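Peer 1: All I have is the shape, not the residue letters:
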């Protein structure tokens with residue numbers, strides 16, 4: 001991997017962690033999530049004139065993707081109201097690949113056995129975190 005690609009990936013990770021921290025720390029999580037989405041949308045609008053228009057066949061999936069992202073922002077704002085950043089972030093980010101794999105399957109795409117193994121490991125990891133959280137709650141009560 002080229003050095004500049006690594007720096008871009010690390011910068012993206014830093015930005016992602018920063019906005020999640022801002023949402024978690026805000027008093028109105030849904031508002032903070034909305035402002036993040038608005039900022040991302042405005043940033044995308046700045047580069048849109050320099051890109052080719054999407055194929056007409058992709059507009060339906062683009063709209064569906066927007067609906068999923070809206071749902072994600074609502075869910076993450078609710079999660080951050082209820083649990084720690086480390087728990088909410090991990091579960092929400094871990095669910096995205098699982099949902100993507102299921103969507104690919106529903107759209108008729110093949111996922112290899114290794115790919116499904118990765119999805120299964122991801123799900124088990126999330127379940128383990130959840131069970132650990134439930135177990136700690138039961139001990140505290």
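Peer 2: Great, that's in hand. Remember, predicted model here, so these are calculated numbers, not experimental data. Residues are numbered from 1 along each chain as shown.
Peer 1: Give me the buried positions along whichever helix or strand residue 17 is part of.
Peer 2: Element membership of residue 17 [criterion: DSSP states H and E] is helix 3-25. Neighbour-count burial for helix 3-25 flags 19-20, 23-24 (criterion: 16 or more other C-beta atoms under 10 Å). (C-beta placed from N, C-alpha, C; glycine too.)
Peer 1: give me the element the residue nearest in space to the middle of the chain is part of.
Peer 2: Geometric centre of the chain, nearest residue: residue 93, 4.4 Å, by C-alpha atoms, centre = their mean. Under the criterion of DSSP H and E, residue 93 resides in helix 85-106.
Peer 1: now swap in residue 79 and tell me
Peer 2: Applying DSSP H and E, one finds residue 79 within helix 59-82.
Peer 1: relative orientation of that helix and helix 85-106 in degrees?
Peer 2: Helix 59-82 runs at 160 degrees relative to helix 85-106, counting by axes from the mean of the first three to the mean of the last three C-alpha atoms, to 10 degrees.
Peer 1: Show the model's pLDDT score for the residue nearest to the centre of the chain.
Peer 2: Note on residue 93: pLDDT of 79.
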